[in-house]
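K.L.:
Here is my input; please provide its structure:
(one chain, ligands or ions: 1)
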Amino acid sequence: MPFRWGIVGFGWVARDHMAPAIAAAAQQLVGVADPSPGARAKAEAAGLEAFGSAAELLERRPDAIYVATPNHLHLPPVAEAARAGIPVLCEKPMAATLGQAEEIAVAAEPVLYGTAFDQRHHPAHRATAREIADGAIGQVTAVRIGYACWVDPRWRPPGAENEEGNWRANPQAAGGGAVFDLALHGLDLAQLLLGEPLVRLHIELQRRVHDYPVDDGGMLSGRFASGALFGSHVAYNCPEALPRRRLEVIGDRGAIVAIDTMGQSAGGTAVLTCGRRGEQRPIAFDTGLSPFAAQAAAFADAVHGRPHDFSLSRDLTLMRLFAGAYDRAIACL
Ligand SMILES: NC(=O)c1ccc[n+]([C@@H]2O[C@H](COP(=O)([O-])OP(=O)(O)OC[C@H]3O[C@@H](n4cnc5c(N)ncnc54)[C@H](O)[C@@H]3O)[C@@H](O)[C@H]2O)c1
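P.N.:
Numbers count the residues shown, from 1 in each chain. Down below sits the predicted model:
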């Protein structure tokens with residue numbers, strides 16, 4: 001019997017990435033819940049049952065719920081699913097505020113909870129993590145990430161239903177701007193790659209190009225428990241044609257550079273360079289497996305009690321570190 005998902009919030013990421021991933025993982029989507037008639041019409045056109053509320057969807061008793069509402073609306077469906085005893089995979093960031101994230105942690109405590117950091121499931125990143133753990137680049141000294149896109153005030157998610165406009169530019173709905181939306185992917189990914197937590201984080205924000213009330217770019221620097229360093233530039237003000245997705249892990253015996261692996265789609269490249277002679281070797285991974293399909297399969301494994309690395313407490317700890325640094329940065333913007 002295939003694993004059965006329900007989706008709450010059938011917007012861009014659910015429609016374009018999670019629903020296809022569920023199919024690719026040979027799982028089943030039993031229905032979606034969304035208050036928007038347009039979103040429900042799109043679901044019905046795809047042959048799905050669509051409900052106006054999460055409560056109706058939960059009555060179908062899916063094996064898990066995937067929550068992809070705007071950031072400030074993660075808490076209610078997570079809490080509702082948890083009350084019904086149904087595991088929840090919730091989109092990143094956990095919430096629009098640390099307070100909401102803390103409430104999610106309390107509400108979701110009785111069930112399996114995962115934040116949908118899809119990039120930790122990208123096969124290139126899993127392969128990179130194995131190389132690092134095997135000592136292929138020696139002692140890691142630094143992780144450097146560039147992750148950027150273009151989101152201007154008129155931008156809407158592809159096929160957007162929501163009449164309130166670009167919620168990503170609304171600080172109450174999104175929690176912040178480019179940094180709130182994009183940086184946590186890299187922070188979580190870096191923790192996966194090094195197998196240890198970040199313990200310090202500093203953020204600088206800018207509102208440089210776009211005229212909206214949230215940051216359109218930021219630079220992050222941090223340190224891991226071991227002393228390895230973290231640096232990341234994320235932005236909403238980076239034109240489409242520029243290189244925008246780059247991950248580098250530097251060690252005292254080599255380095256790994258992954259290009260176009262960060263994001264929602266399959267593929268990209270990862271190359272290991274030897275620190276002594278400069279020889280390069282591509283890192284092999286499944287270029288047809290999307291991070292969303294791998295994530296859907298991993299969450300089903302977790303629900304079935306198989307080994308997994310979803311962790312509510314790790315995600316909450318990261319959110320606390322991030323929110324503290326973000327609040328200090330906002331005060332200086
Ligand atoms: N992991 C990733 O790579 C990735 C990519 C994009 C978005 N996201 C995250 O996914 C979430 C959704 O983003 P999006 O771009 O799909 O937004 P979106 O605006 O396209 O879709 C949100 C959907 O939620 C619906 N909605 C609003 N209130 C609701 C409620 N109370 N109950 C049910 N549905 C409700 C809206 O009608 C809309 O259809 C955000 O948290 C975002 O940060 C993650």
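
K.L.:
so who does Trp249 touch?
P.N.:
To be clear, residue 249 is Val; Trp isn't right here. Under the criterion of C-beta atoms under 8 Å, 6 or more residues apart in numbering, the contact partners of Val249 comprise 128, 132, 137, 140, 142-143, 193, 255-256. Just so you know, the C-beta spots here come from the backbone N, C-alpha and C atoms, and that holds for glycine as well.

K.L.:
Let's see the PyMOL selection covering just the buried ones among those residues.
P.N.:
With 16 or more other C-beta atoms under 10 Å as the burial test, the buried ones among those are selected in PyMOL as follows:
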select buried, resi 128+132+137+140+142+143+193+255+256
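
K.L.:
what's the farthest-apart pair in the contacts of Val249?
P.N.:
Pairwise distances across those peak at 14.3 Å for Thr128 and Ala142 (criterion: C-beta to C-beta).

K.L.:
And whatever residue of the chain ends up closest to the ligand, how far from Ala43?
P.N.:
Closest approach between the chain and the ligand, counting by C-beta to the nearest ligand atom: Gly11, at 1.7 Å. The gap separating Gly11 from Ala43 is 11 Å, by C-beta to C-beta, to the nearest Å.

K.L.:
ditto for Ala95
P.N.:
Plainly put, Ala95 is 25 Å away from Ala43 if you go by C-beta to C-beta.

K.L.:
Gly31 reaches Arg60, doesn't it?
P.N.:
Yes. Gly31 lies in contact with Arg60 (C-beta atoms under 8 Å); the separation is 5.7 Å.

K.L.:
Find the residues that touch each one of those two.
P.N.:
6, 49.

K.L.:
Show me which of the two is the more surrounded one.
P.N.:
In this view Gly31 and Arg60 are compared by other C-beta atoms under 10 Å, and Gly31 has more residues nearby, 20 against 13.

K.L.:
Surely that one is within a helix?
P.N.:
No. Judged by DSSP: H, G, I helix; E, B strand; the rest coil, Gly31 forms no part of a helix; its state is strand.

K.L.:
Return the set of residues that bridge with it.
P.N.:
When assigned by DSSP bridges, Gly31 has beta-bridge partners Gly6.

K.L.:
ok, it - contacts?
P.N.:
Gly31 makes contacts with 6-7, 43, 48-51, 57, 60, 62, as judged by C-beta under 8 Å, 6+ apart.

K.L.:
Could you rerun that using 10 Å?
P.N.:
With contacts defined as C-beta atoms under 10 Å, 6 or more residues apart in numbering, Gly31 is in contact with 4-7, 10, 43, 48-51, 56-60, 62.

K.L.:
Repeat that for Cys149.
P.N.:
Residues 155, 178, 181-182, 234-240, 244-245, 263 are the ones in contact with Cys149 under the rule C-beta under 10 Å, 6+ apart.

K.L.:
will you turn the residues you listed into TSV that also has secondary structure, neighbour count and distance to Arg306?
P.N.:
Below are these laid out as TSV (DSSP: H, G, I helix; E, B strand; the rest coil; neighbours: other C-beta atoms under 10 Å; distance: C-beta to C-beta, whole Å):
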residue	secondary structure	neighbour count	distance to Arg306
Trp155	coil	17	39
Ala178	helix	28	36
Asp181	helix	21	31
Leu182	helix	24	30
Val234	strand	27	33
Ala235	strand	25	38
Tyr236	coil	26	38
Asn237	strand	19	42
Cys238	coil	21	39
Pro239	coil	10	43
Glu240	coil	7	40
Arg244	coil	19	35
Arg245	strand	17	30
Gly263	coil	19	27
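
K.L.:
which one of those residues is nearest Asp16?
P.N.:
The shortest approach to Asp16 among the contacts of Cys149 belongs to Gly263, at 12.1 Å (C-beta to C-beta).
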